[in-house]
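*Asks:* Sequence and predicted structure below; questions after.
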Amino acid sequence: MKFQAVLESLRYPIWQAPTASLAGPELAAAVSKAGGMGSMALTWTPPDIAAELVRQVREATANPFFVNFALAFPPVSLDAALEVGVLIVTFSWGDPEPHLPKVKAAGAFVGIQVTNIPGVKRAIDQGADFLICQGVEAGGHVQSSTPLLQLLPRVIEAAGKVPVIAAGGMSSGADIAKVLALGAKGAILGTRFLATQESRAHPEYKRQLVEAQGATALTVCFDGAWPYSAHRVLRNSTLETWEAHGCPKVGNRPGEGETIAQTADGEAIFRYEDTAPKQGYVGDIEAMCLYSGTGVAAITDIPPAGELVERLWQECSAALAPG
């Protein structure tokens, strides 16, 4: 089977971004069952748990979904995911070349995130089945430094026959229509799917997304354990205080080392950590790292994911309709 057949099997060219631990099997399955492309991030997931998460999605739907590994960290659960039959693997934030032979040998398709033309050419030379073109508007850890609509046409041209999926700052059907009109074969939305009923994001985090009105920042404030990575987040009290003090370096930041929340297991979360708030966390949720893309202003509710997929496609179809 060629990857084109996978694209043609989708009812809608709407992809859900693998937003770390906030996108679990519930969300991935709901999006895929609705006819889009669901996903999960497995970068920090132990192999046994990763295998179980993949099984859960496969038991919920026969439709395709993908898993992602950010290669700034070792892909410790890649083998486990392949062993349980994951069909599509995407890589970002690093060189996937050492891992491609085992993915191909398992019969899985490979998608590689790109942010410039040299990256496109290298990914194609490596045998990528499709490319993910990320714009700087994306939420979370941002690999790109170029606006999506400026970058996308160049990537599509350089990619030739290799399909390109657009990512970064999209939250509405009109946004999807713009990238499809430019030649993208799909659109990846992350923040919009965080604000759904199946998302594992904390209820307060979802409320912040709905009420944000577009106030995001690309910053290194929430540095966590991922050096050299800028991240796009909602503006909040931690960021505002850090900026008010002149953006001091690590070791001199106001409130550094202060416990602001706890996980469901009681693990402390310190100010400036890059951990996003999940269901079951307690504490000052607003002060945590609230990842968000620039399209957040279009988010006004928290619907079921399947219902959202249908709505987005209706909006997209209306935007693409002639006249």
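*Replies:* Here it is on my side, so go on. What you see is a predicted model; the values in this text were computed from it and never measured.

*Asks:* drop to CA atoms for contacts and neighbour counts, all remaining ones
*Replies:* Will do.

*Asks:* which of the residues in stretch 176-196 are buried?
*Replies:* 176-180, 183-196 (16 or more other CA atoms under 10 Å).

*Asks:* Output the lengthiest helix in the chain as CSV, nothing but the C-alphas.
*Replies:* Looking across the chain with DSSP state H, the single longest helix is helix 305-320. Listed in CSV are the C-alpha atoms of helix 305-320, where the atom choice follows Å, rounded to 0.1, in the frame of the first residue of the first chain:
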residue,chain,number,x,y,z
ALA,A,305,-13.7,15.8,19.0
GLY,A,306,-15.8,14.0,16.4
GLU,A,307,-18.4,16.8,16.3
LEU,A,308,-15.5,19.3,15.9
VAL,A,309,-14.1,17.3,12.9
GLU,A,310,-17.5,17.5,11.2
ARG,A,311,-17.9,21.2,12.0
LEU,A,312,-14.4,22.1,10.7
TRP,A,313,-15.0,20.3,7.4
GLN,A,314,-18.3,22.2,7.0
GLU,A,315,-16.6,25.5,7.6
CYS,A,316,-13.8,24.5,5.2
SER,A,317,-16.1,23.4,2.5
ALA,A,318,-18.0,26.7,2.7
ALA,A,319,-14.8,28.6,2.5
LEU,A,320,-13.6,26.6,-0.6
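
*Asks:* So for it, mean pLDDT?
*Replies:* Averaging pLDDT along helix 305-320 yields 97.

*Asks:* Contacts for that helix, please.
*Replies:* Outside helix 305-320, the residues within contact range by CA atoms under 8 Å, 6 or more residues apart in numbering are 12, 14, 27, 30-31, 33-36, 172-177, 181, 193, 196-198.

*Asks:* Can you tell me which of those end up in strands?
*Replies:* When DSSP state E defines the strands, the subset of those inside them is residue 14.

*Asks:* Mind jotting down where the strands sit in the protein?
*Replies:* Along the chain, counting by DSSP E, strands occupy 14-16, 38-41, 65-70, 88-92, 109-114, 130-134, 140-141, 164-167, 186-189, 216-219, 231-234, 259-262, 268-270, 282-283.

*Asks:* Throw these into JSON lines and include distance to residue 313 and mean pLDDT, thanks.
*Replies:* Conversion of the strands of the chain to JSON lines gives the following (distance: least, CA to CA, whole Å; pLDDT from 0 to 100):
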{"stretch": "strand 14-16", "distance to residue 313": "8", "mean pLDDT": "98"}
{"stretch": "strand 38-41", "distance to residue 313": "15", "mean pLDDT": "97"}
{"stretch": "strand 65-70", "distance to residue 313": "18", "mean pLDDT": "98"}
{"stretch": "strand 88-92", "distance to residue 313": "23", "mean pLDDT": "98"}
{"stretch": "strand 109-114", "distance to residue 313": "23", "mean pLDDT": "98"}
{"stretch": "strand 130-134", "distance to residue 313": "20", "mean pLDDT": "98"}
{"stretch": "strand 140-141", "distance to residue 313": "24", "mean pLDDT": "94"}
{"stretch": "strand 164-167", "distance to residue 313": "16", "mean pLDDT": "98"}
{"stretch": "strand 186-189", "distance to residue 313": "11", "mean pLDDT": "98"}
{"stretch": "strand 216-219", "distance to residue 313": "26", "mean pLDDT": "96"}
{"stretch": "strand 231-234", "distance to residue 313": "26", "mean pLDDT": "96"}
{"stretch": "strand 259-262", "distance to residue 313": "38", "mean pLDDT": "97"}
{"stretch": "strand 268-270", "distance to residue 313": "38", "mean pLDDT": "95"}
{"stretch": "strand 282-283", "distance to residue 313": "36", "mean pLDDT": "97"}
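
*Asks:* Can you lay out these as JSON lines showing distance to residue 240?
*Replies:* Listed next are the strands of the chain as JSON lines, based on distance: least, CA to CA, whole Å:
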{"stretch": "strand 14-16", "distance to residue 240": "30"}
{"stretch": "strand 38-41", "distance to residue 240": "29"}
{"stretch": "strand 65-70", "distance to residue 240": "28"}
{"stretch": "strand 88-92", "distance to residue 240": "29"}
{"stretch": "strand 109-114", "distance to residue 240": "31"}
{"stretch": "strand 130-134", "distance to residue 240": "27"}
{"stretch": "strand 140-141", "distance to residue 240": "18"}
{"stretch": "strand 164-167", "distance to residue 240": "27"}
{"stretch": "strand 186-189", "distance to residue 240": "27"}
{"stretch": "strand 216-219", "distance to residue 240": "10"}
{"stretch": "strand 231-234", "distance to residue 240": "10"}
{"stretch": "strand 259-262", "distance to residue 240": "16"}
{"stretch": "strand 268-270", "distance to residue 240": "16"}
{"stretch": "strand 282-283", "distance to residue 240": "19"}
